[in-house]
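Chemist: when you get a sec, could you give me coordinates for this:
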Amino acid sequence: MSRFSSCILPPAMLGILGGGQLGAMFTVAAKTMGYQVTVLDPDPDAPAAQFADVHLCSDFNNAEALQNMAKCAAVTTEFENVSAESMRWLAQYTIVSPSGDCVAIAQDRQQEKEWIARAGLTTVPYTVISTESDINDSLNALLPGILKTATLGYDGKGQIAVDSLAELQAAFTRLRHVRCVLEKKVDLHAEISVVVARLDNQHTVCFPPAENQHQNSILAYSVVPARLPQSVLKQAEKMANQLAQAMDYQGVMAVEMFVAGNEMQLLVNEIAPRPHNSGHYTLDACISDQFQQQVRLMCGLPPAATDLLMPCCMANILGDVWPEIGEPNWNAVLNHKTACLHLYGKKQVRPGRKMGHFTVLADNPDQAWQTARNLHLHLQNSAQNSSTASD
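Modeler: The predicted model follows:
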C-alpha cells in the first residue's frame, strides 16, 4: 500500500495560525483544492478571514481557540513569531507542519546560525552579544557589520548598521541591551532565496531561486530565474535541501542566501519556516505555487512539480503608493497583458506595509525586471501626483 493512501483529503478542515496575506493565499489555495479552513488571528479584519470557513478571532495563546484548532486535521502557520509552545501543544492532538521545534529555530538568530553550521553550511562571520562586556576590541574584525536582535526582527526591524566599536555600543543601547547577533558585512554580489518544499528525504523539491533586490531593508523585486551562473543556482538548491534535511523539516521553507564576492560564495543568511514574499512569483509563473505546496505537505501529500513556465519579476506594493485620498491608479498594471496583480485586502494603509504585489511575465528576466520596475515607478509617481493635486 502506498504511504500516501493515508493522506488527508478534501473536504477535511485545515488550520492556520495567522491570517495575514500569507494566510489568505494559503486559504485560497486550500479552498481551491476542496479543503475547509479555520484561521486563528486576533485581527477582526484579518485578510484570510475573508476566505476562511471559520475565523477564530483570538490571541494565539488563547486556550479555547487552541482547543478548537486541535480539532483540525492538520495545522500550519503563516509566520515564525507565533508561539512555538502552542505549536508543540497542538502536535499532541493533530498534525502540525512545520514542527514547533523548527519554528523555534527560525525565531532565534543564534539557534538558526548554529543549525546552519550543524548542516555543514556557511554563514557570514558573526558573534553573539548578550551584555555590554561582550563588546571589546576583538570585535573590530567583524566591523563594519550589522547588529541584529536575536529575536523578533524582520524586514529590517531590529537591525542597525555599525562601523566602529562606539557605534556598536550605541546600537546595543538603542536595542535595549537585548541579546543580539553582530554580523560582518560582506562584499555582496547578489541576494537570492530558495523556497524548498519537503515531505521527507525522498520527496523534496525546490522552486527556482529568486534574485532579490531590497529597498529600505524591505524586499522590492524578485527576478526569476536569478541572473547568476547555473552552477551557483544548482548549489543554492542543494544547500536548501541540505538544511531542510538536517532540520528534518516538513513543509515549505525559504532559505535566504548572500552571493558574496567575485567568486560568488554562497552564505546562508536566514530561514523562514513558511511560504515567503520572494516566492509569490510561483502563483503566476510555475506549475504549482508555494501555497499549494504548503497544503499538500501538511496533508502528507508529495510535493508537486515546481517547473518555471516563464521568466518573471515580482514587485512588492507597499502602502507608500497610496495617495492621501482614494486608491492607487491600477490602470497601468491591469492593462499590461502579462502583469498579474494581487491585492491583499488590508484595511489599514501605512508606509512600508505590504499591501499587495504584482508579477510580470516576459521572454527573459531582464525584460521582466525592467517592465516591473517601470510599472512600479508609475504607481509611485501616480501617488505623488495625486497627493500634489489634493494640496
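Chemist: wait, I317 touches R353, no?
Modeler: No - between I317 and R353 there is no contact under CB atoms under 8 Å: 9.9 Å. (Each C-beta comes from the backbone N, C-alpha and C, glycine too.)
Chemist: looking at these two, which is more packed in?
Modeler: The neighbour comparison of I317 against R353 (other CB atoms under 10 Å) goes to I317, with 23 against 16.
Chemist: okay, and the more buried one sits in which element?
Modeler: Here I317 sits within strand 312-318, counting by DSSP states H and E.
Chemist: helices or strands up against that strand?
Modeler: Strand 312-318 sits against strand 218-224, strand 354-361, helix 365-390, with contacts defined as 3 or more CB pairs under 8 Å, 6 or more residues apart in numbering; DSSP states H and E.
Chemist: may I see the buried residues of stretch 375-384?
Modeler: Neighbour counts over stretch 375-384 (16 or more other CB atoms under 10 Å) mark L375, H376, H378, L379, S382, A383 as buried.
Chemist: turn those residues into CSV, columns for distance to C340 and pLDDT.
Modeler: Converted to CSV, the buried residues of stretch 375-384 look like this (distance: CB to CB, whole Å; pLDDT from 0 to 100):
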residue, distance to C340, pLDDT
L375, 11, 97
H376, 14, 96
H378, 16, 93
L379, 15, 94
S382, 19, 79
A383, 21, 72
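Chemist: and which of these is nearest to L143?
Modeler: H376 (34.4 Å; CB to CB).
Chemist: go ahead and confirm E132 touches H177.
Modeler: Yes - using CB under 8 Å, E132 is in contact with H177, at 7.1 Å.
Chemist: so what sits against both of the two?
Modeler: Listed as contacting both E132 and H177 by CB atoms under 8 Å, 6 or more residues apart in numbering is no residue at all.
Chemist: centroid-nearest residue for the protein?
Modeler: For the chain, the residue nearest the mean C-alpha position is H276 (2.6 Å; CA atoms, centre = their mean).
Chemist: I'd like the distance between that residue and D43.
Modeler: Counting by CB to CB, to the nearest Å, the gap from H276 to D43 is 21 Å.
Chemist: where along this protein do the helices fall?
Modeler: 21-32, 63-69, 84-90, 100-107, 109-118, 165-174, 230-246, 282-285, 290-298, 331-334, 365-390 (DSSP state H).
Chemist: give the contact list for A150.
Modeler: Per CB under 8 Å, 6+ apart, neighbours of A150: D108, R109, Q110, V128, V178, R179, C180, V181.
Chemist: swap the cut-off to 7 Å and go again
Modeler: By CB atoms under 7 Å, 6 or more residues apart in numbering, the contact list for A150 reads D108, R109, Q110, R179, C180, V181.
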